[in-house]
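Undergrad: 3D model of this:
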Amino acid sequence: MKSDNQKIYLKDWAIEWLNYKRDFVKESTYANYANVVYNHLIPDLGNIYLQDITHNELQKYILDKLKSGRVINDRGLSEKTVKDIMMILKSCLKFAMNEEKMSQINLDFIYPKNHKKQKIYVLTKREQRKITEYALNNLNPRNVGILISLYSGIRIGELCALKWSDIDFKNNIIRINKTLQRIYLKNVNGITSKVVVSSPKTIHSNRDIPMNRDFAAIIKPLKLNSKCYVLSSTMEGIEPRAYRKYFNTTLKKLKIKPINFHSLRHTFATNCISLGIDYKTVSELLGHSDISITLNLYVHPNLSQKKKCMNMIWKNHC
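TA: Numbering: from 1, shown residues only. Sure thing, here's the model as predicted:
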């Protein structure tokens, strides 16, 4: 490790922290840590000594990332991305403090208020019917995947990891217990990537999703081997990037504007809420760790719903 009078560069400490974390986190989590370290922390702050880092300097760093992004592009990064970067930086610095490599500093920061609401696209009823009819009339493993996502709200990584053995046709239940993704491992020698199957996003993502009996009967004939992946009907899975490409091709064929695959999950959640399904049930179906996530993302009453509420209160008391 490079040092000057016992001073330690952040770039050297960050790599040591990475090596320490490797044995305690999932491979996909480690890959995320490494990407942040090599794409942001080392280029931005690497040549600063740990002992010279101050709270004010890091607060300024946050504002800088929100405004310009630096390194990655010339646009500002999203608040979520910057918070993810800072979460990793804070873990790295706390490790340094615990090891007495630097003095204790305040790691609580302020983020500017963001008045921009996140736009979530939800498929129209017409688009939903169009996709459903096409998938049913052209039933194959990949189209079944689109239907499963639209009518259960599972994440694309969970869908790509789904095997026929995870679908219980006796009880009509889909068991979500893993996710498939391509991870990118960045180190001093460059970038390597590989596809991994690991446990889901959070402990709450492990869940059982009931299937409609008619829907189960439709997809059951496609099951050839319990050990095969649902999307491929082979022992080899399809990674999310390739499946998104297939989904986009399908949308183009149906003359539906390009949307993120995650919109199927948003559409499912929105349908549940509009049908009056209680929020706790919707939250558990989606595998959210907290019901507040569901409320913040999907519960946005429109004007007609607000009018209905006010009329009901008036009639109930007059």
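
Undergrad: Now the helix ranked longest in the chain: buried residues?
TA: Counting residues, the longest helix found in the chain (DSSP state H) is helix 79-98. Residues of helix 79-98 classed as buried: 79, 81-82, 85-86, 88-89, 92-93, 95-96 (neighbour count, 16 or more other CB atoms under 10 Å). Quick note: C-beta positions are derived from backbone N, CA and C, even for glycine.

Undergrad: Closest one of those residues to residue 229?
TA: Proximity of the buried residues of helix 79-98 to residue 229 (CB to CB) peaks at residue 81, which lies at 31.0 Å.

Undergrad: How much space separates the closest one from residue 62?
TA: The gap separating residue 81 from residue 62 is 11 Å, by CB to CB, to the nearest Å.

Undergrad: Residue 263: what's its closest spatial neighbour, skipping adjacent residues?
TA: Residue nearest to residue 263 in three dimensions, not counting chain neighbours: residue 121, with 4.8 Å by CB to CB, 6 or more residues apart in numbering.

Undergrad: Which pLDDT value goes with that neighbour?
TA: At residue 121, the model reports a pLDDT of 85.

Undergrad: Confirm for me that it is in contact with residue 265.
TA: No. The criterion here is CB atoms under 8 Å, and residue 121 misses it with residue 265 at 11.1 Å.

Undergrad: Compare those two and say which one has the larger neighbour count.
TA: Using other CB atoms under 10 Å, the more surrounded residue of residue 121 and residue 265 is residue 265, with 22 against 12.

Undergrad: List the residues that contact the more buried one.
TA: 149, 153-155, 286 (CB atoms under 8 Å, 6 or more residues apart in numbering).

Undergrad: same deal with residue 106?
TA: Taking CB under 8 Å, 6+ apart as the definition, contacts of residue 106 comprise residue 55.

Undergrad: what secondary structure does it sit in?
TA: Using DSSP: H, G, I helix; E, B strand; the rest coil, the three-state assignment for residue 106 comes out as coil.

Undergrad: Can you give me the distance of it to residue 275?
TA: Distance of residue 106 to residue 275, given as CB to CB: 47 Å.

Undergrad: Measure how buried the closest residue to residue 123 other than its chain neighbours is and give me the count.
TA: Spatially, and ignoring its direct neighbours in sequence, residue 123 is nearest to residue 267 (4.5 Å; CB to CB, 6+ apart). Residue 267: 24 surrounding residues under other CB under 10 Å.

Undergrad: give me the element residue 267 is part of.
TA: Assigned by DSSP states H and E, residue 267 falls within helix 263-274.

Undergrad: In that helix, which residues are buried?
TA: For helix 263-274, burial by neighbour count (16+ other CB under 10 Å) applies to 263-273.

Undergrad: so which of the residues you listed comes closest to residue 170?
TA: Checking the buried residues of helix 263-274 against residue 170 by CB to CB gives residue 268 as the nearest, at 24.0 Å.

Undergrad: surely that closest one meets residue 152?
TA: Yes. Taking CB under 8 Å as the definition, residue 268 is a contact partner of residue 152 at 6.7 Å.

Undergrad: where along the stretch 1-150 of the chain do the strands fall?
TA: Counting by DSSP state E, counting those that start in this stretch, the stretch 1-150 of the chain has strands at residues 3-4, 7-8.

Undergrad: Note down every partner strand of the last one and its orientation.
TA: When sheet partners are counted by DSSP bridges, strand 7-8 sits next to strand 3-4 (antiparallel).

Undergrad: Tell me how far residue 222 lies from residue 141.
TA: Distance from residue 222 to residue 141, by CB to CB: 6 Å.

Undergrad: Good, we can wrap up now.
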